[in-house]
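A.B. asks: no FASTA, just this:
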């Protein structure tokens, strides 16, 4: 039964009930039922009908309204994701493409010179950043499946895609099915996970990598752990290493906690909300 039909039923049932009762009362019950008794019975009958029929209709109405609100919220979230994807494409992605064209042109001019190797490193970095931005755009435009907890399922699929692109041998255990992330939160969290996995791939020399989660909707954490060589010193003070500092800033701007523990054979980055 549709939302509109339920509303009409709620409006019509009391009216029909009273009309039918008054007809029966005057046509068949007048010799047996006094006027005062009939007047008292009218609200009683309406109340009984309301309890038996209208209460169910009200429950159906609330369910239909909740479904409409959920659909509206999902549509708003998808529109926000699409808007963010367009902004990334029209701004950062196009700028990176232009930068890539310019570095390619400069590379041809500097071929064979002492600056060729430096330019290649710049080209590699630009290419990697461009790839990450395009992945983010594709992930934002990923349409969740119409199943229970669609946002959680979509986020898990995106995490698994990042793992496949960076550290394919990593184990993934994603249990945050009760957590609802906004479009911006998803982008920031995925960027943090990607940066952690890239650091593992480039520097850790690990044989075992794990991405797993803990907690619930109000109290969650994401762990990226490896058994690599570890980090010597404070990585936040390294002059040529910006990724971890940016990741920490991302987490703090979102109101999340950031923790990095590293010893040879056990390095773990934890991003979370609340105490886990």
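C.D. replies: Sure, I can see it. Predicted model only: the values in this text are computed from it and were never measured. Residues are numbered from 1 along each chain as shown.

A.B. asks: Follow the chain on from the one helix or strand residue 13 maps to and name the next helix or strand.
C.D. replies: Taking DSSP states H and E as the definition, residue 13 sits inside helix 3-24. Sequence-wise, the next helix or strand downstream of helix 3-24 (DSSP H and E) is helix 35-49.

A.B. asks: Please work out how many residues are found near the nearest residue to residue 253 once chain neighbours are set aside.
C.D. replies: Counting by C-beta to C-beta, 6 or more residues apart in numbering, the nearest residue to residue 253 once its immediate chain neighbours are dropped is residue 188, at 7.7 Å. Quick note: C-beta positions are derived from backbone N, CA and C, even for glycine. Residue 188 has 19 neighbours, counted by other C-beta atoms under 10 Å.

A.B. asks: My read is that residue 188 contacts residue 254, right?
C.D. replies: Yes. Using C-beta atoms under 8 Å, residue 188 is in contact with residue 254, at 5.4 Å.

A.B. asks: Do you have the strands of the chain handy? List them.
C.D. replies: Residue ranges of the strands in the chain, as given by DSSP state E, are 171-173, 209-216, 219-226, 257-263, 266-273.

A.B. asks: what sits against the residue nearest to residue 253?
C.D. replies: By C-beta atoms under 8 Å, 6 or more residues apart in numbering, the contact list for residue 188 reads 250, 251, 253, 254.

A.B. asks: which residues does the second one contact?
C.D. replies: Residue 251 is in contact with 188, 192, 257, 258, 271, counting by C-beta under 8 Å, 6+ apart.

A.B. asks: quick one: low-confidence parts of this structure?
C.D. replies: 1, 3, 88-90, 135-136, 138-153, 238-242, 275-276 (pLDDT under 70).

A.B. asks: Spatially central residue (nearest the centroid) of it, please.
C.D. replies: In the chain, the centroid-proximal residue (C-alpha atoms, centre = their mean) is residue 181; its distance is 3.6 Å.
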